[in-house]
Structures are given as C-alpha cells and as structure tokens.
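> based on what follows, work out the 3D shape:
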Amino acid sequence: MAVVTVPRLKRRIEGEADVAAFLLPYGIRYERWPLEERCNPEASNEEILAAYAPEIGKLKAEGGYVTADVINVNPETPGLDAMIAKFNKEHTHSEDEVRFIVKGRGVFHINPKDRSEVFSIEMNAGDWISVPAGTQHWFDFCQERTIRAIRLFQDKSGWTPYYIQAGVHEAYTPVCWGPAYVPSDQPRIETLVQP
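Numbers count the residues shown, from 1 in each chain. Next up is the predicted model:
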C-alpha cells in the first residue's frame, strides 16, 4: 500500500483512505486495485492487460486515454541507467501520468505548484495513481530497481518530459533508499494522518 512522506516535516501518511484524502487536493487520484486474486504479476503483458480490461476501459472513457501498455524494468534491463535518468529529474508532462503497479515499487516525488512542501508517494504492487498533467514531479526506483506497471496514455507516442530548470530533485533522497525508509515488513514507528 502507498505511503506518503513529507520529509521536511517528518510526516508520514498511511492507509488507503488517508493517502487518497491527502493527495486529492493536489488533483492526484489514488486507489488500491485487486492484485494476486486478479492476475499473477509474472503473467504475460497481454494477460495483465486482459485481467484489468474493465479498469482500463473505464479510464479510457473517462480520461481520453487511447493506449495502454505494460512496462517491465529490472536490474537486467538494457540501458537502465539512461532510462532512470529520463524520469529522476524534476519535470512535467502535457498529459496525466497514470500507472498501476503490478510488481515492484518506486517513489513519485511531487513539488506542488503552490510551493508547499515537497512530498513523496512510495508506490507498491496493487497501487494505482493518476498524476495530473502539469504537475512538477520526478520518479525514483527503490533498491530492487524493479517495477512492472500498466501505463495509460492520451498520446500514442507516449509521454514527453519537460524538465524544470533548477529543479529541486537533487535535494531529496529517494525514500526507499534514504534513512527514513522502513521496509514494509517492519512495523512503522509513527503514523500521522492529518493532511
């Protein structure tokens, strides 16, 4: 399940309802979708897309998405470092960034336009997110450098990053690698739920 962290305030938000409520004022939608009971995370890309066809169809109708695919990234992926360099710097997109994590995990960092505190969203298998077009953000892998996700696009050519000059990304350690990270199989030390 996703965990939101506001590093400079030492704040952590957990639980599906609390995470969704925190993200909503930023226009970010978050949900949990069924996972193992729906599809084996090791299934083929076609089987995964078929298993989530109802959700994909609904999103296409609501958001004008024209294509969906499955991205598979792991430490053996050719050109992995170059790929990571494309999205671990602060940027925006001209369309929503919609992802459903089938396997692995990673961290979206959000730099709100109102210049409130930067926060991160650690995404895990079963988490679905829609980050609105124009949102200043960047993405980091966790230690495993593994993620498998369904992606939806409004433009068949995929997303294009528009990098922010003097982006703040260098001042923030990826949550999964930083000292604040506690593996999900360990108890959390503190939970704050007020947005």
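
> right, and the helix or strand after the helix or strand bottoming out on mean pLDDT in the chain?
In the chain, the helix or strand scored least confidently by mean pLDDT, DSSP states H and E is helix 80-87, which has a mean of 89. Elements were assigned by DSSP states H and E; along the chain past helix 80-87, the next helix or strand is strand 91-92.

> beta-bridge partners for residue 141, please?
residue 106 (DSSP bridges).

> now the helices: where do they sit in the chain?
Shown for the chain, the helices assigned by DSSP state H span residues 16-23, 45-51, 53-63, 80-87.

> from residue 70, how far out is the residue nearest to residue 38 when sequence neighbours are not counted?
Nearest non-adjacent residue to residue 38, counting by CB to CB, 6 or more residues apart in numbering: residue 51, 5.1 Å away. In short, each C-beta sits where N, CA and C put it, glycine included. Residue 51 is 11 Å from residue 70, where distance means CB to CB, to the nearest Å.

> what does residue 38 give?
Counting by CB to CB, the gap from residue 38 to residue 70 is 14 Å.

> neighbour count for the two, which is higher?
Between residue 38 and residue 70, counted using other CB atoms under 10 Å, the more crowded position is residue 70 (18 against 14).

> ok, back up a step: so for residue 124, which of the helices of the chain sits nearest?
Closest to residue 124 of the helices of the chain, according to CB to CB: helix 16-23, at 11.2 Å.

> contacting residues for residue 71?
147-149, 151 (CB atoms under 8 Å, 6 or more residues apart in numbering).

> that one and residue 159, how far apart?
Computed as CB to CB, the residue 71 to residue 159 distance reads 11 Å.

> for residue 139, same thing?
Separation of residue 139 from residue 159 (CB to CB): 11 Å.
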